[in-house]
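[1] sequence first, then the predicted structure, then my questions.
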Amino acid sequence: MNTIEREVDVLVIGGGTAGPMAAVKAKQANPDLKVLLLEKANVKRSGAISMGMDGLNNAVVPGFATPEQYVREITAANDGIVNQKTVLAYAQNSYAMIEELDRWGVKFEKDETGDYAMRKVHHLGTYVLPMPEGHDIKKVLYRQLKKNRIDITNRLVATRLIVGEDGRIAGTFAFDCRTGDFHIVRAKAVVLACGAAGRLGLPASGYLFGTYENPTNAGDGYSMAYHAGAELSGIECFQINPLIKDYNGPACAYVTGPFGGFTTNSRGERFIECDYWSGQMMQEFYNELQGGNGPVFLKLDHLAEETISTIETILHTNERPSRGRFHAGRGTDYRERMVEMHISEIGLCSGHSASGVWVDEHAATTVPGLYSAGDMACVPHNYMLGAFVYGRFAGESAARHAGSHAHAQVAASQIEAERQRVWAPLLREAGLPPNQVEYKLRRMVNDYLQPPKVTRKMQIGLERFEAIREDLDRLHARNPHELMRAMEVHAIRDCAEMAARASLYRTESRWGLYHARVDYPERNDAEWRVHVQLHKNAAGDMACFKRAIEPYVVDMNQNDHRAYAALRINKELTPA
Amino acid sequence: MSFPVFSIAEQRSSVPVRIDEEKCIADKGCTVCVDVCPLDVLAIDLSKGKAYMAFDECWYCMPCEKDCPTGAVQVDIPYLLR
């Protein structure tokens, strides 16, 4: 096994959604820069949208919504805990990004006059833009990477960021998951775009890779940002999704809703007003599952044949195309049977909820020279279009930084320590198989962290995660592929500890099911209308602290705040 | 008598990706399915010149099947989820 060094100006880690956009925008901002896109899999088919996407969930299109209205909606949906400047920056640049993607060849649904065919799914505004032919979005991105002459390396697994002696970012360490070679990539600026922490909880099937998120996204980015000293935020606001039971793909009420499909209980009755995924919606979903009216279903059997075949075409060819096969295996035909749904295991993902690396409206983290975008960067409910917009911000910011800074000095000891850590599982003669350690770790995440959250259980969970930390030193990899799994277990363990510590720190309940604490059942705005930040402190320990919410830039009225508290149909309203 | 510190048993697993070896052209140098897999679980059996699933770590996402030039790849839902 060799050690390979290279030097670039801007390094983008992660070639899924935000990463390719960041690389292209960095190069366009300053064509003299050497820009490298480093990918764990293959950029042609990597990340959350490897098979495409069936729609935009948060398009802010003139005539249908204003940026200010969108900021109000997301502020309410995230129970007030947002840095509005970041959401506003997204919203103001959302439409320009749609137009650019359209020019690049991404197909959005348009009406007979050529306008975007917007649909209403959110509680207040209209933000959903279908992409019934969205299956080739990765091909469109790949063409742009080639056109802009971005250097790409596939199958390199980043493990830790290199931090310069002055605290600036200095590049990354990585290894090749086929050869085991150790890579040192020095850079003046780094964009982290590694996706969600999608392999945190264990799916009920017990299949490690049957996750909602692409399981390649194991939380590597969260772990790397943490160890580089970056602040993370909102980790306690978990991602939990309403999915098709066992299949772990979305039932997609977003897609079916505009056609007349809806979420029901076992009596075939609607119980939520709005299918937009929020913590409050998930709480209602959970209540229905646990109550006598469960389980929960997606109901389509009342629709006309023509409508159902359109829905099938969209849902079985985009985003999760194996869905039709799953339904066929279970004998589920939308015409005759409702689709059984369930809630997912927990994950961390700002694309859907709010957990991520703290970034400002320029995608800058708290570490100089380090930027982040996409599912792992804390801009609540940012989804795919947010990944593109913040990918653009991150690329442009990184290009500016790299244009005005030299490479940071790096201590040789940092390099040697990481090379030893990474190679250790291959060099051990025997040890624990990574899949078993991962299974046990993620089963403990389910047992102790899955909401509703109980203080004593989370404390026991922390003890178990500490014990598994010792197992990390006994992981054994028989080949570089197993080494990839072994190093992912390190990242998953870090994310599990973050999830427990941030959840214990916030002693109130907020965001519906995402942070429902049984022993602190009330929302407490007097003490907890703040961000909970998590970082590695001066002693090297994981610590949480409060960060005040910046004054809102968009005025909220009382009705906006209440909107997401009153999702249940036929229920007495509880004041927000 | 001493025991090894780590004793390993292999478990059998029915893998979700099947290759039709009649159609697979890996022996002609094709590696498309191996290249596109996000989880890097496919490999080429060099003795046979055919692709196969080397690791049961599948997201049943289907680029391998969609991008195969000869239609040799079939992705099933993993048995535990089926």
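    On my side now, so go ahead.

[2] make it CA atoms for all contacts and neighbour counts henceforth
    Fine.

[3] average model confidence for stretch A:105-122?
    Across stretch A:105-122, the average pLDDT comes to 92.

[4] what distance separates it from the centre of its chain?
    25 Å (C-alpha atoms, centre = their mean, to the nearest Å).

[5] gap between the two ends of it?
    Across stretch A:105-122, the straight-line distance between its terminal residues is 27 Å, by C-alpha to C-alpha, to the nearest Å.

[6] same deal with stretch A:32-49?
    When the termini of stretch A:32-49 are compared using C-alpha to C-alpha, they are 30 Å apart.

[7] off-centre distance for that stretch?
    Centroid separation for stretch A:32-49 versus its chain: 17 Å, with C-alpha atoms, centre = their mean.

[8] please see if that stretch touches chain B.
    Yes - legend: contact between stretch A:32-49 and chain B by C-alpha under 8 Å from any C-alpha of the partner chain is shown at A:41, A:42, A:44, A:45, A:46, A:47.

[9] count of residues packed around the fifth one?
    Applying other C-alpha atoms under 10 Å in any protein chain shown, we find 26 other residues in the vicinity of residue A:46.

[10] now do the phi/psi pair for it.
    phi -110, psi 160 (degrees, to the nearest 10).

[11] output the below-cut-off pLDDT ranges for the chain.
    In the absence of a named chain, chain A is used. Per-residue confidence of chain A (counting by pLDDT under 70) places the weak regions at A:558-563, A:566, A:570-576.

[12] that's the wrong chain, I meant chain B
    Applying pLDDT under 70 to chain B picks out residues B:1-2, B:4-5.

[13] distance-wise, check residue A:283 relative to residue A:379.
    22 Å.

[14] the residue nearest the centre of chain B: what's its closest spatial neighbour, skipping adjacent residues?
    The centroid of chain B falls nearest to residue B:53 when counting by C-alpha atoms, centre = their mean (1.3 Å). With C-alpha to C-alpha, 6 or more residues apart in numbering or on different chains as the measure, residue B:42 is the residue that lies nearest to residue B:53, at 4.5 Å, once sequence neighbours are left out.

[15] list the contacts for residue A:219?
    If you count contacts by C-alpha atoms under 8 Å, 6 or more residues apart in numbering or on different chains, residue A:219 has them with A:194, A:195, A:196, A:197, A:198, A:199, A:200, A:348, A:488, A:491, A:492, A:495.

[16] list buried residues within these.
    The neighbour-count test (16 or more other C-alpha atoms under 10 Å in any protein chain shown) applied to the contacts of residue A:219 identifies A:194, A:195, A:196, A:197, A:198, A:199, A:200, A:348, A:488, A:491, A:492, A:495 as buried.

[17] make a markdown table out of those residues and add distance to residue A:238 and secondary structure.
    As requested, the buried ones among the contacts of residue A:219 are exported to a markdown table (distance: C-alpha to C-alpha, whole Å; DSSP: H, G, I helix; E, B strand; the rest coil):
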| residue | distance to residue A:238 | secondary structure |
| --- | --- | --- |
| A:194 | 17 | coil |
| A:195 | 15 | coil |
| A:196 | 11 | coil |
| A:197 | 10 | strand |
| A:198 | 11 | coil |
| A:199 | 13 | coil |
| A:200 | 10 | coil |
| A:348 | 6 | strand |
| A:488 | 20 | helix |
| A:491 | 17 | helix |
| A:492 | 14 | helix |
| A:495 | 11 | helix |
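
[18] can you redo these as JSON lines with distance to chain B?
    Rendered in JSON lines, the data for the buried ones among the contacts of residue A:219 read as follows (distance: C-alpha to the nearest C-alpha, whole Å):
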{"residue": "A:194", "distance to chain B": "13"}
{"residue": "A:195", "distance to chain B": "13"}
{"residue": "A:196", "distance to chain B": "15"}
{"residue": "A:197", "distance to chain B": "15"}
{"residue": "A:198", "distance to chain B": "12"}
{"residue": "A:199", "distance to chain B": "12"}
{"residue": "A:200", "distance to chain B": "15"}
{"residue": "A:348", "distance to chain B": "18"}
{"residue": "A:488", "distance to chain B": "12"}
{"residue": "A:491", "distance to chain B": "16"}
{"residue": "A:492", "distance to chain B": "16"}
{"residue": "A:495", "distance to chain B": "20"}
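
[19] the residue nearest to residue B:53 contacts residue B:57, correct?
    No - no contact is recorded between residue B:42 and residue B:57 when judged using C-alpha atoms under 8 Å, the distance being 9.7 Å.

[20] which ones among the residues of stretch A:32-49 next to chain B map onto strands?
    Residues from the residues of stretch A:32-49 next to chain B lying in strands, with DSSP state E as the criterion: none.

[21] where along the stretch 51-200 of chain A do the helices fall?
    Under the criterion DSSP state H, counting those that start in this stretch, helices of the stretch 51-200 of chain A are mapped to A:67-77, A:84-104, A:137-147.

[22] now residue A:452. Nearest residue, chain neighbours left out?
    residue A:516 (5.1 Å).

[23] quick one: residue A:440 from residue A:204, how far?
    On the measure of C-alpha to C-alpha, residue A:440 and residue A:204 end up 13 Å apart.

[24] that should have said residue A:521, apologies.
    Here the distance between residue A:521 and residue A:204 works out to 26 Å (C-alpha to C-alpha).
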